[in-house]
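**Q** Make a model of this:
(chains A, B, C, D, E, F and G)
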Amino acid sequence: MDKPLKILHESLNNRVIVELRSGRAYHGILDGYDVPHMNLVLKNADEMKDGSAVDKHNMVIVRGDNIIYVSP
Amino acid sequence: MDKPLKILHESLNNRVIVELRSGRAYHGILDGYDVPHMNLVLKNADEMKDGSAVDKHNMVIVRGDNIIYVSP
Amino acid sequence: MDKPLKILHESLNNRVIVELRSGRAYHGILDGYDVPHMNLVLKNADEMKDGSAVDKHNMVIVRGDNIIYVSP
Amino acid sequence: MDKPLKILHESLNNRVIVELRSGRAYHGILDGYDVPHMNLVLKNADEMKDGSAVDKHNMVIVRGDNIIYVSP
Amino acid sequence: MDKPLKILHESLNNRVIVELRSGRAYHGILDGYDVPHMNLVLKNADEMKDGSAVDKHNMVIVRGDNIIYVSP
Amino acid sequence: MDKPLKILHESLNNRVIVELRSGRAYHGILDGYDVPHMNLVLKNADEMKDGSAVDKHNMVIVRGDNIIYVSP
Amino acid sequence: MDKPLKILHESLNNRVIVELRSGRAYHGILDGYDVPHMNLVLKNADEMKDGSAVDKHNMVIVRGDNIIYVSP
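**A** Below is the predicted model of the structure:
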């Protein structure tokens, strides 16, 4: 398995930081992903904007093509 | 089935928040979707701009490639 | 048939609102579409900019990749 | 044949308006197109910018991916 | 052969104007192209910015995806 | 093997600079990559913004489509 | 072989100018490329910004999708 997917896989059920284009980020539990789009499902996710939490989602599907990085 | 699609599927007939690029969002009942584009059909949808409802749609097809996230 | 296409299909010969990126919209009769691009053909279409009609087209082919939503 | 292509095909040798992203448009005779890119060939085309003609082309190949709409 | 490619082909060894996104253009001899990307090779090309020559290239490969139009 | 991938491969376990669009960069150990997306895994990565470190990641998956260059 | 690739191939081990979107350019020895992405490997490359060298790379992989032109 490719290394990026391997790291995603090992991060399942763990807290990750997902940074998107345009200064938005999500901090939450990685609940799933798909291949090759890298769409992510996060649980208990804080939506961050310029460093502060602006919203909270029990569950959120984040489209992969807006993602800059995922940090386990 | 991939987790992101599974969550979309389980959200059918339920209220979702769909956030798009450029500060626009839709709050409505998820009536359908397609794969792999993630185009969505929403019913009884409020169109939100910067946090307030600016329009209302009985039915709306939202193209997937503008979506940042879908929150069930 | 996928739900988004089914809704498009049922909207044939009916009035739809097509909103594009950059504040432009078309109000017209849906005369056709293609798959998977979602290019649309509209008849008797008003071109709207920031809420007011700026042009009128007997017939117009709108490329799908600029579309944000189609509302029947 | 898909409706959008059918309309393009019927517009051959007729005058069309082609509007591009960023406020540029071409008014000219449709001389050809390709599929699926929707690259167009226009003859005797006026290049319009914000409503006035800024250039004239005997022949011009317009790439499809900049096109917002084609109006026969 | 599709009309846009046919026009490109007939323009080989002739002077063309290639306009790119962001106000840049090239005036030069069309020395080659590829399909389907429409990458171009130009010889003796002037690089134009807002209407005046800012650089000169004996040979230049221009990527197709920045091109707005090619005018023979 | 293509040269760009060969250079990536030889850079495994070595320090690389990854520059992204919008003035952001990562300095870290290349731990893996995939093909053809060029998604990268970096270890012990400093996140740089306009030349100064703004964050630190033990591990980070950087999506390939935001990358401008990778410098071993 | 397509002409653009032929020119790239003949430029191997020679100095090229690679101009990217957003006013950035690289002047260096072309050490390799791949197809169809046109990712490039440059050696002894100067990174130019608005006409002056701002950085130097012994080796750099430049992603093809940011390239405007390559000039041998």
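
**Q** Just say helix, strand or coil for A:Pro4.
**A** The local conformation at A:Pro4, judged by DSSP: H, G, I helix; E, B strand; the rest coil, is helix.

**Q** Report the contact partners of the residue of chain A found nearest chain B.
**A** Across chain A, the shortest distance to chain B (CB to the nearest CB) belongs to A:Gly32, at 2.3 Å. Using the backbone N, CA and C atoms, a C-beta is placed for each residue, glycine as well. A:Gly32 makes contact with A:12, A:40-41, B:2-4, B:6-7, according to CB atoms under 8 Å, 6 or more residues apart in numbering or on different chains.

**Q** okay, it: pLDDT?
**A** We have a pLDDT of 97 for A:Gly32.

**Q** Distance of A:Ala25 relative to chain E?
**A** Using CB to the nearest CB, to the nearest Å, A:Ala25 is found at 29 Å from chain E.

**Q** One more: A:Met59?
**A** Here the criterion is CB to the nearest CB. By it, A:Met59 lies 37 Å from chain E.

**Q** Would you mind naming the residues that bridge with the residue of chain A closest to chain B?
**A** As for beta bridges, A:Gly32 partners with A:Val41 under DSSP bridges.

**Q** residue closest to the middle of chain A?
**A** Geometric centre of chain A, nearest residue: A:Val18, 3.9 Å, by CA atoms, centre = their mean.

**Q** which of the residues in the strand or helix carrying A:Met48 are buried?
**A** In the assignment (DSSP states H and E), A:Met48 maps to strand A:40-49. Buried positions in strand A:40-49, judged by neighbour count with 16 or more other CB atoms under 10 Å in any protein chain shown: A:40-42, A:45-48.

**Q** quick one: whichever helix or strand comes after that strand near chain B?
**A** Downstream of strand A:40-49, the first helix or strand assigned by DSSP H and E is strand A:52-62. Yes: judged by CB under 8 Å from any CB of the partner chain, strand A:52-62 comes into contact with chain B at A:57-62.

**Q** Show me what strand A:52-62 is in contact with.
**A** Identification of contacts with strand A:52-62 by CB under 8 Å, 6+ apart yields A:18, A:20, A:26, A:28, A:31, A:39-48, B:4, B:7-8, B:68-72.

**Q** between it and strand A:40-49, how many degrees?
**A** 160 degrees (axes from the mean of the first three to the mean of the last three CA atoms, to 10 degrees).

**Q** Listing partners with orientation, what would you give for the very next helix or strand once past strand A:52-62?
**A** Next in sequence after strand A:52-62, counting helices and strands by DSSP H and E, comes strand A:67-71. Within its sheet, and counting by DSSP bridges, strand A:67-71 is paired with strand A:15-20 (antiparallel), strand F:52-62 (antiparallel).

**Q** got the contact list for strand A:67-71?
**A** Applying CB under 8 Å, 6+ apart, the external contacts of strand A:67-71 come out as A:8, A:11, A:16-21, A:30, A:38, A:40, F:20, F:24, F:26, F:57, F:59-63, F:66.

**Q** What's the ChimeraX line that selects buried ones from these?
**A** To isolate the buried members of the contacts of strand A:67-71 in ChimeraX, using 16+ other CB under 10 Å:
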select /A:8,11,16,17,18,19,20,21,30,38,40 /F:20,24,26,57,59,60,61,62,63,66
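
**Q** could I get the contacts of A:Gly32 as TSV with pLDDT?
**A** Listed next are the contacts of A:Gly32 as TSV, based on pLDDT from 0 to 100:
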residue	pLDDT
A:Leu12	97
A:Leu40	98
A:Val41	98
B:Asp2	88
B:Lys3	94
B:Pro4	95
B:Lys6	96
B:Ile7	96
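
**Q** can I get the strands paired with strand A:67-71 in TSV with distance to B:Ser52 and mean pLDDT?
**A** Shown next, in TSV, are the strands paired with strand A:67-71 (distance: least, CB to CB, whole Å; pLDDT from 0 to 100):
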stretch	distance to B:Ser52	mean pLDDT
strand A:15-20	23	97
strand F:52-62	33	95
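
**Q** Check chain A for the residue nearest chain C and tell me.
**A** Nearest to chain C in chain A, going by CB to the nearest CB, is A:Asp65, at a distance of 13.5 Å.

**Q** what about that residue, how many neighbours?
**A** 16 (other CB atoms under 10 Å in any protein chain shown).

**Q** what does A:Lys56 give?
**A** A:Lys56 has 12 neighbouring residues, counting by other CB under 10 Å.

**Q** quick revisit: who does the residue nearest to the centre of chain A bridge with?
**A** For A:Val18, the beta-bridge partners under DSSP bridges are A:Tyr26, A:Val70.

**Q** wait, doesn't it sit right on A:Asn39?
**A** No: the criterion here is CB atoms under 8 Å, and A:Val18 misses it with A:Asn39 at 11.0 Å.

**Q** what would the strands paired with strand A:67-71 look like in CSV with distance to D:Ala53?
**A** CSV is the format used below for these (distance: least, CB to CB, whole Å):
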stretch, distance to D:Ala53
strand A:15-20, 42
strand F:52-62, 46
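
**Q** Quick check: the residue of chain A nearest chain E.
**A** Relative to chain E, the nearest point of chain A is A:Asp65 (16.8 Å; CB to the nearest CB).

**Q** confidence score at that residue?
**A** Predicted confidence (pLDDT) for A:Asp65: 94.

**Q** circling back to that earlier point, can you name the two of the residues of strand A:52-62 next to chain B that sit furthest apart?
**A** Across those, the longest distance by CB to CB is 13.9 Å; it joins A:Asn58 and A:Val62.

**Q** Now do the contacts for A:Asp34.
**A** A:Asp34 sits next to A:64, B:2-5 when contact means CB under 8 Å, 6+ apart.

**Q** ditto for A:Asn66
**A** A:20-21, B:21, B:68.

**Q** quick one: the nearest residue to A:Arg24 once chain neighbours are set aside and A:Val41, what's the gap?
**A** Spatial nearest neighbour of A:Arg24, chain neighbours left out: A:Lys49 (5.7 Å); criterion: CB to CB, 6 or more residues apart in numbering or on different chains. Note on A:Lys49: its distance to A:Val41, by CB to CB, to the nearest Å, is 21 Å.

**Q** How about A:Ile68?
**A** Applying CB to CB, the value for A:Ile68 to A:Val41 is 18 Å.

**Q** Quick check: phi and psi at A:His37.
**A** Main-chain torsions, A:His37, degrees, to the nearest 10: phi -70, psi -20.

**Q** Go ahead and confirm it touches B:Pro36.
**A** Yes: under the criterion of CB under 8 Å, A:His37 makes contact with B:Pro36 at 7.0 Å.

**Q** ok now do the residue of chain A found nearest chain D, which residues does it touch?
**A** The minimum distance from chain A to chain D, using CB to the nearest CB, falls at A:Asp65 (16.8 Å). By CB under 8 Å, 6+ apart, the contact list for A:Asp65 reads A:37, B:65, F:65.

**Q** OK, contacts around the first one?
**A** Residues in contact with A:His37, defined by CB under 8 Å, 6+ apart, are A:63-65, B:36.

**Q** Mind putting those into JSON lines with distance to E:Ala53?
**A** Formatted as JSON lines, the contacts of A:His37 follow (distance: CB to CB, whole Å):
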{"residue": "A:Arg63", "distance to E:Ala53": "43"}
{"residue": "A:Gly64", "distance to E:Ala53": "43"}
{"residue": "A:Asp65", "distance to E:Ala53": "38"}
{"residue": "B:Pro36", "distance to E:Ala53": "46"}
